[in-house]
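Undergrad: What would the 3D arrangement of this be:
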Amino acid sequence: MGDYIVKAAAADYQIRAYAATTRELTEYARRAHNTSPVATAALGRLLTAGAMMGSMMKGQEDLLTLKIEGTGPIGGIVVTADSHADVKGYVYHPEVLIHARPDGKLDVAGAIGAGMLQVIQDIGMKEPYVGQIALVSGEIAEDLTYYYAASEQTPSSVALGVLMNRENTVRQAGGFILQLLPGTEEAVIGRLEEKLSKIPSVTQMLEAGMTPEDILQEVAGEFGLEILEKVPTRFHCGCSKNRVEKAIVSLGEKDLRELADEGKPIEVNCHFCNTAYTFTAQELEAILIRSGRGRQQ
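TA: Down below sits the predicted model:
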């Protein structure tokens with residue numbers, strides 16, 4: 001089966017739980033952006049988090065944006081997700097190569113460096129809600145765990161992972177988010193913390209053949225886990241040539257006129273999916289005419 005997210009509850013709805021497998025969408029992103037292994041791991045982790053966090057949103061048109069800007073060589077990562085768990089994203093410098101950590105794992109924290117995490121939720125209000133924290137580690141899961149505690153006052157545990165094949169394709173990707181609702185009993189909190197300290201990593205569980213349902217059962221099964229919903233997730237970008245044309249119009253008449261007068265086609269790439277759109281000089285002239293700025297014959 002393809003990528004999907006499982007939503008669940010436990011401990012008489014004191015615990016809210018999400019788990020996802022995202023290998024296919026992470027591999028799609030790797031191919032689209034030609035990312036290095038460490039860039040794939042960083043982007044895959046944030047895409048996984050974005051997909052799960054997007055699926056938490058209620059409105060059909062709600063949008064979530066996760067933005068990391070750091071001092072490391074990757075520079076930053078941007079991920080956008082909707083409430084249907086469609087997700088897209090990119091890294092500023094997808095080609096970055098750095099040494100692995102002493103334990104042999106990809107050094108995502110080193111690639112990101114110190115910096116800031118922004119969580120922007122557009123839920124149809126006049127202004128979007130923006131939460132921002134300083135990165136605590138650059139490992140992304142730890143940063144999101146801290147974000148939930150500091151900005152949303154929701155005690156949470158976030159785990160994310162991406163495992164690469166030797167040929168640098170994506171072998172496994174996924175994660176989980178557990179959240180404690182207000183009034184959770186101290187005994188439940190203590191037992192859950194003890195359980196979380198003993199479980200394997202997300203990629204170890206996925207590599208062992210565990211599904212998102214299995215992962216949540218491993219983490220929270222002793223609390224009476226109840227699976228509520230299972231939703232597909234995918235890398236999806238809604239860009240089109242018409243949308244790109246609107247961006248070209250925003251360049252202004254002078255710049256657009258210069259491009260048209262050069263007589264050569266231009267290529268515009270979508271940041272999120274790296275799709276290339278070509279506009280001929282004739283098409284640029286037509287854009288000028290449609291915007292009321294073309295030459296009169």
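Undergrad: tell me the strands in the stretch 1-150 of the chain, going along the chain?
TA: 4-10, 15-21, 63-70, 76-82, 86-91, 115-122, 129-134 (DSSP state E, counting those that start in this stretch).
Undergrad: let me redo that: the stretch 151-297 of the chain
TA: With DSSP E, counting those that start in this stretch as the criterion, the stretch 151-297 of the chain has strands spanning 156-164, 170-180, 226-232, 234-235, 266-269, 276-279.
Undergrad: closest one to G190 among the ones you listed?
TA: strand 170-180 (11.5 Å; C-beta to C-beta). (Each C-beta comes from the backbone N, C-alpha and C, glycine too.)
Undergrad: what's that closest one packed up against?
TA: Identification of packing neighbours for strand 170-180 by 3 or more C-beta pairs under 8 Å, 6 or more residues apart in numbering; DSSP states H and E yields strand 15-21, helix 23-33, helix 37-55, helix 141-151, strand 156-164, helix 186-196, helix 202-207, helix 212-220.
Undergrad: and that strand, which strands flank it?
TA: strand 15-21 (antiparallel), strand 156-164 (antiparallel) (DSSP bridges).
Undergrad: which residue packs closest to H33, ignoring adjacent ones?
TA: P94 (4.6 Å; C-beta to C-beta, 6 or more residues apart in numbering).
Undergrad: That neighbour and S36: what is the separation?
TA: 7 Å (C-beta to C-beta, to the nearest Å).
Undergrad: and what of Y147?
TA: Counting by C-beta to C-beta - Y147 and S36 are separated by 26 Å.
Undergrad: Could you pull up phi and psi at E167?
TA: phi -80, psi 10 (degrees, to the nearest 10).
Undergrad: closest to A51 out of the strands of the stretch 1-150 of the chain?
TA: strand 86-91 (4.5 Å).
Undergrad: circling back to that earlier point, make a markdown table from the helices and strands packed on strand 170-180 and add distance to T278, mean pLDDT and mean neighbour count to it.
TA: Formatted as a markdown table, the helices and strands packed on strand 170-180 follow (distance: least, C-beta to C-beta, whole Å; pLDDT from 0 to 100; neighbours: other C-beta atoms under 10 Å):
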| stretch | distance to T278 | mean pLDDT | mean neighbour count |
| --- | --- | --- | --- |
| strand 15-21 | 36 | 97 | 25 |
| helix 23-33 | 18 | 98 | 22 |
| helix 37-55 | 26 | 98 | 28 |
| helix 141-151 | 38 | 96 | 20 |
| strand 156-164 | 33 | 97 | 23 |
| helix 186-196 | 50 | 94 | 13 |
| helix 202-207 | 39 | 97 | 20 |
| helix 212-220 | 40 | 97 | 21 |
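Undergrad: So which of the ones you listed is nearest E285?
TA: Of all these, helix 23-33 comes closest under C-beta to C-beta, at 30.9 Å.
Undergrad: Could you tell me the angle between that closest one and helix 37-55?
TA: 130 degrees (axes from the mean of the first three to the mean of the last three C-alpha atoms, to 10 degrees).
Undergrad: Going by contacts, tell me the helices and strands next to helix 23-33.
TA: helix 37-55, strand 86-91, strand 170-180, strand 234-235.
Undergrad: Any idea which of those gets closest to I215?
TA: Once the helices and strands packed on helix 23-33 are compared by C-beta to C-beta, strand 170-180 is nearest, at 5.8 Å.
Undergrad: which sections of the stretch 51-200 of the chain are below the confidence cut-off?
TA: For the stretch 51-200 of the chain, applying pLDDT under 70 flags no range at all.
Undergrad: try 90
TA: The stretch 51-200 of the chain contains residues with pLDDT under 90 at 59-60, 100, 103-105, 123-127, 183.
Undergrad: quick revisit: which one of the strands of the stretch 151-297 of the chain lies closest to I15?
TA: The nearest among these, by C-beta to C-beta, is strand 170-180 at 6.2 Å.
Undergrad: coming back round to it: which one of the strands of the stretch 151-297 of the chain lies nearest to K58?
TA: Of all those, strand 226-232 comes closest under C-beta to C-beta, at 13.0 Å.
Undergrad: That closest one: partners in the sheet, and parallel or antiparallel?
TA: strand 4-10 (antiparallel).
Undergrad: got the CA coordinates for the partner strand in CSV?
TA: Once non-C-alpha atoms are left out, strand 4-10 reads as follows in CSV (Å, rounded to 0.1, in the frame of the first residue of the first chain):
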residue,chain,number,x,y,z
TYR,A,4,-0.8,6.9,4.6
ILE,A,5,-1.5,8.4,8.1
VAL,A,6,-3.3,6.7,10.9
LYS,A,7,-5.2,8.8,13.5
ALA,A,8,-5.9,7.2,16.9
ALA,A,9,-6.7,7.9,20.5
ALA,A,10,-5.7,6.1,23.7
